[in-house]
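A.B. asks: Got a predicted model here, sequence first, then my questions.
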Amino acid sequence: MHIVIIGAGECGVRAALALREQGFEGSIDLVNGELHAPYERPPLSKPGDDGLIAKPVSGSEHLADKGITLHSGITATKIDRGTKQIVLSDGVVLPYDRLLLALGARPRRLAIDGQDVPNVHYLRHFEDAEIIHRSIESGKRVTIIGGGFIGLELAAVARQKGTVVTILEAAPRLLGRAVPAEIAAIIEARHRAKGVQVLCGTSITSIDAQGRILLGDGTQITSDAIIVGIGSLSNIDLALDSGLDIDNGIAVDGRLQTSDPSIYAAGDCCSFPHPLYGGRRIRIESWRAAQEQGDHAARAMLGSSDLYDAVPWFWSDQYDLTLQIAGMSGDAKKTVRRAIDDTALILFHLDQDGRLLAASGIGPGNAIARDIRIAEMLIAKRAHPEEGSLANPALKLKALLAA
Amino acid sequence: MAVWIKACAADDIDDEDVIRFDHDGRTFALYRKDDQFFATDGLCTHEKIHLADGLVMDYVIECPKHNGRFDFRTGAAKGAPVCIDLKTYPVKVEDGDLFIYLD
Ligand SMILES: Cc1cc2nc3c(=O)[nH]c(=O)nc-3n(C[C@H](O)[C@H](O)[C@H](O)COP(=O)(O)OP(=O)(O)OC[C@H]3O[C@@H](n4cnc5c(N)ncnc54)[C@H](O)[C@@H]3O)c2cc1C
Ligand code: FES
């Protein structure tokens, strides 16, 4: 049996390794559209103490040891579903019995004139990160368009390097619907305290050739670099061209199978029905979900009938603060606060019957990590935890797991 | 030369839990499970995050940052994103105190 995986990000690599862990002995071709060996994306917006490095998801040698053929710097240009073949940009044709699309996503681009001037940057790949981190240095002025995670993480890094930072956000507040208002306010306050200028409710009219931004109210902003982080779009082109169903990403069923039974999709590029949330179709962009879905797709391609039902989980680091969110709070009717201390806070989101749907936490270091992890397990169990225990930081949440 | 170092009172660690112990510029994680005690290096092998903020379930410590998992009896990394094992250290309990054997 031949398995081809297109996309060697977090998801595709994980899937390839999981196939071998499951004992699959056939051929595995992993098509890596990038020149770099597979690397992790989260550090691109928040490099550690060693600066910006391409932190490997898995080394090329390790992949080779596992008998996984990595095609780097080569993209898949066509899926021929009739003959079950993939055409690569170097002309090679790969036959497949099972195909996994792990194509990821790409930055949404500004829909205004001037988005292509040289000092406007978008972040997805290592090469983007190299340019961006060179442009954020002491004394320089950087304008960040979009107050989402990537923009805010870069703002924090830039401030720590002494860059003058302005954030322009179209909505009335930062971080949109994914993050509860109280937590978004804590993050915004931290950015302001660190000297970031945060302008919400702004509209951008144009960017001129010198990189000057003109706002709707007539204000002009000059900066040495402009970084745009206004969300992302799933990479669906290959799937669309070959006639697969698309619905806010490549549409897959609960096993991560597309509308073609030989083809699966996973990670940032796919949307799937989530059993924990009434079977609603969602698309998640999360590092851990990419791994878990890669793992799941590998097992599904080998015949497993399990449904993918992992609790969505996401984190972000800004300054010394870590935010973690487990679950989806969209249908929540009630919020219970757990103030761990003056600096760390968790909000539990419950439905009308008291079932725990999501938990969002913010705090220094890893102050909220353990409780969010336990909340995640409670969400997975569809638990109705006692609200008094959730609210009382003196009580260990772990006791609720046994209940 | 390796020596036994007194780390804490055994009862400073709750059952199925972990605490941090620092000694001589090094940092460790100490675990208790069903009145057995274990010690490992304190920092996760993925991104040097302290494991004492993590969650203990059975004989597994889960890193608070990206949920990498280790068996703290052997230090074995249990899969992505962690692939490098943790170093473990012998421990003993004497008169209610927990000692760790350090080189
Ligand atoms: C800057 C940044 C910071 C992030 N920080 C966090 C964080 O803190 N926490 C968190 O939970 N998540 C974070 N994420 C999200 C997380 O990184 C993604 O969810 C994850 O990378 C998705 O993995 P993936 O494999 O689905 O897609 P990707 O990692 O995007 O990989 C897809 C790969 O497929 C390749 N590809 C696409 N089309 C083709 C083709 N036709 N042929 C060959 N190759 C192709 C792409 O070039 C890419 O290499 C961050 C993302 C970014 C960009
Ligand atoms: S730092 Fe421990 S799993 Fe990443």
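C.D. replies: Nice, thanks for sending it over. Ligands and ions are numbered 1, 2, ... in the order given.

A.B. asks: what's the closest non-adjacent residue to the residue of chain B found nearest chain A?
C.D. replies: When scored by C-beta to the nearest C-beta, chain B has residue B:64 as its residue closest to chain A, at 3.3 Å. Placement of C-beta: from N, CA and C, glycine included. Spatial nearest neighbour of residue B:64, excluding adjacent residues (C-beta to C-beta, 6 or more residues apart in numbering or on different chains): residue A:369 at 3.3 Å.

A.B. asks: Next, the contact list for that neighbour, please.
C.D. replies: Counting by C-beta atoms under 8 Å, 6 or more residues apart in numbering or on different chains, residue A:369 touches A:322, A:324, A:361, B:53-55, B:64-65.

A.B. asks: what ranges do the helices span in the stretch 1-150 of chain A?
C.D. replies: Assigned by DSSP state H, counting those that start in this stretch, the stretch 1-150 of chain A shows helices spanning A:10-21, A:42-45, A:60-65, A:126-135, A:149-160.

A.B. asks: Burial-wise, tell me which of these comes out on top.
C.D. replies: helix A:10-21 (a mean of 26; mean count of other C-beta atoms under 10 Å in any protein chain shown).

A.B. asks: Looks like residue A:315 contacts residue A:321 (just checking).
C.D. replies: No: in this structure, residue A:315 is not within contact of residue A:321 by C-beta atoms under 8 Å, at 10.7 Å.

A.B. asks: Not including adjacent chain positions, what is the nearest residue to whichever residue of chain B sits closest to ligand 1?
C.D. replies: Residue of chain B nearest ligand 1, by C-beta to the nearest ligand atom: residue B:66 (8.6 Å). Using C-beta to C-beta, 6+ apart and skipping the chain neighbours, the partner closest in space to residue B:66 is residue B:81 (5.4 Å).

A.B. asks: what about stretch B:94-103, distance to the chain center?
C.D. replies: 13 Å (C-alpha atoms, centre = their mean, to the nearest Å).

A.B. asks: Assign a three-state SS to residue A:254, would you?
C.D. replies: Each residue gets one of three states, and residue A:254 gets coil by DSSP: H, G, I helix; E, B strand; the rest coil.

A.B. asks: Look up phi and psi at it.
C.D. replies: Dihedral pair for residue A:254: phi -60, psi -20, per degrees, to the nearest 10.

A.B. asks: how near is it to residue A:322?
C.D. replies: Using C-beta to C-beta, to the nearest Å, one gets 31 Å for the distance from residue A:254 to residue A:322.

A.B. asks: got it, and residue B:8?
C.D. replies: As judged by C-beta to C-beta, residue B:8 and residue A:322 stand 27 Å apart.

A.B. asks: Tell me which of these two has more neighbours.
C.D. replies: residue A:322 (23 against 15; other C-beta atoms under 10 Å in any protein chain shown).

A.B. asks: and that one, that one's in a strand?
C.D. replies: Yes: counting by three-state DSSP, residue A:322 is part of a strand.

A.B. asks: from what I can see it touches residue A:365, true?
C.D. replies: Yes: here residue A:322 reaches residue A:365: they are 6.7 Å apart, a contact under C-beta under 8 Å.

A.B. asks: ok so, going back, from ligand 2, how far out is the residue of chain B closest to ligand 1?
C.D. replies: 4 Å (C-beta to the nearest ligand atom, to the nearest Å).

A.B. asks: To what extent is that residue buried, counted in neighbours?
C.D. replies: 21.

A.B. asks: Could you verify that it is part of a helix?
C.D. replies: No: Residue B:66 is assigned coil when assessed by three-state DSSP, not a helix.

A.B. asks: which ones are touching the residue of the stretch 301-403 of chain A found nearest ligand 1?
C.D. replies: With C-beta to the nearest ligand atom, the shortest gap between the stretch 301-403 of chain A and ligand 1 falls at residue A:314, namely 4.4 Å. Contact analysis of residue A:314 by C-beta under 8 Å, 6+ apart lists A:178, A:284, A:286-288, A:324-325.

A.B. asks: Filter those down to the buried ones.
C.D. replies: Buried subset of the contacts of residue A:314 (neighbour count, 16 or more other C-beta atoms under 10 Å in any protein chain shown): A:284, A:286-288, A:324-325.

A.B. asks: per-residue confidence for the residue in the stretch 51-200 of chain A that ligand 1 sits nearest to?
C.D. replies: Proximity of the stretch 51-200 of chain A to ligand 1 (C-beta to the nearest ligand atom) peaks at residue A:104, 2.2 Å away. Per-residue confidence at residue A:104 stands at 98 (pLDDT).

A.B. asks: Nice, that's everything, thank you.
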